[in-house]
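Trainee: sharing a model that was predicted from the sequence below.
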Amino acid sequence: MNNEHRARDWINFILERCQFPDAQALKNHLDKAVFSEFCQCGCNSFKVLVPTFTKAIAVPGKYGVIFEANFNLAEAGKTLEVLIFSGKSGMVEYIEIDCCGNSLPVPEVVEVVGEPFHVSAGSALVL
């Protein structure tokens with residue numbers, strides 16, 4: 001089930017496993033964030049509200065993906081995709097967690113194999 005507890009688990013996963021260019025900066029950015037609008041379609045995506053006094057993590061002015069990491073799952077042929085979106089404020093506004101491009105539900109127990117096979121940091125990041 002996608003809920004606040006699961007979102008906190010995903011934040012820890014992102015910080016520990018996704019190879020974000022500056023995990024400490026992301027942690028500082030998300031430390032006081034509030035998570036809501038937990039999607040129930042089978043993905044594990046959720047909205048992020050970062051307090052306005054927090055330092056922006058992306059160039060303000062537009063909405064889009066600022067980071068992506070993709071993993072192979074232990075179950076053959078399945079992948080896990082983690083996408084972080086920033087809003088016009090330059091703050092993280094949404095985290096999308098998908099399995100196989102959101103064509104399958106994210107497993108309750110996620111077993112990734114090794115390091116991400118794809119990592120992409122957007123040019124809008126300000127680290």
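Mentor: Great, that's in hand.

Trainee: next SSE after the longest helix along the chain?
Mentor: For the chain, the helix with the greatest residue count under DSSP state H is helix 4-17. Downstream of helix 4-17, the first helix or strand assigned by DSSP states H and E is helix 23-30.

Trainee: now do the buried residues in that following helix.
Mentor: Buried residues in helix 23-30, counted by 16 or more other CB atoms under 10 Å: 26, 29, 30. In short, each C-beta sits where N, CA and C put it, glycine included.

Trainee: can you list contacts of it?
Mentor: By CB atoms under 8 Å, 6 or more residues apart in numbering, the residues outside helix 23-30 that reach it are 11, 14-16, 20, 48, 50, 54-55, 57, 91-92, 127.

Trainee: format these as JSON lines; extra columns: pLDDT, neighbour count and distance to residue 104.
Mentor: Formatted as JSON lines, the contacts of helix 23-30 follow (pLDDT from 0 to 100; neighbours: other CB atoms under 10 Å; distance: CB to CB, whole Å):
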{"residue": "11", "pLDDT": "98", "neighbour count": "19", "distance to residue 104": "22"}
{"residue": "14", "pLDDT": "99", "neighbour count": "21", "distance to residue 104": "20"}
{"residue": "15", "pLDDT": "98", "neighbour count": "14", "distance to residue 104": "25"}
{"residue": "16", "pLDDT": "98", "neighbour count": "10", "distance to residue 104": "24"}
{"residue": "20", "pLDDT": "98", "neighbour count": "23", "distance to residue 104": "25"}
{"residue": "48", "pLDDT": "98", "neighbour count": "22", "distance to residue 104": "24"}
{"residue": "50", "pLDDT": "97", "neighbour count": "22", "distance to residue 104": "30"}
{"residue": "54", "pLDDT": "93", "neighbour count": "17", "distance to residue 104": "34"}
{"residue": "55", "pLDDT": "93", "neighbour count": "11", "distance to residue 104": "36"}
{"residue": "57", "pLDDT": "96", "neighbour count": "24", "distance to residue 104": "30"}
{"residue": "91", "pLDDT": "97", "neighbour count": "21", "distance to residue 104": "30"}
{"residue": "92", "pLDDT": "98", "neighbour count": "24", "distance to residue 104": "25"}
{"residue": "127", "pLDDT": "77", "neighbour count": "11", "distance to residue 104": "32"}
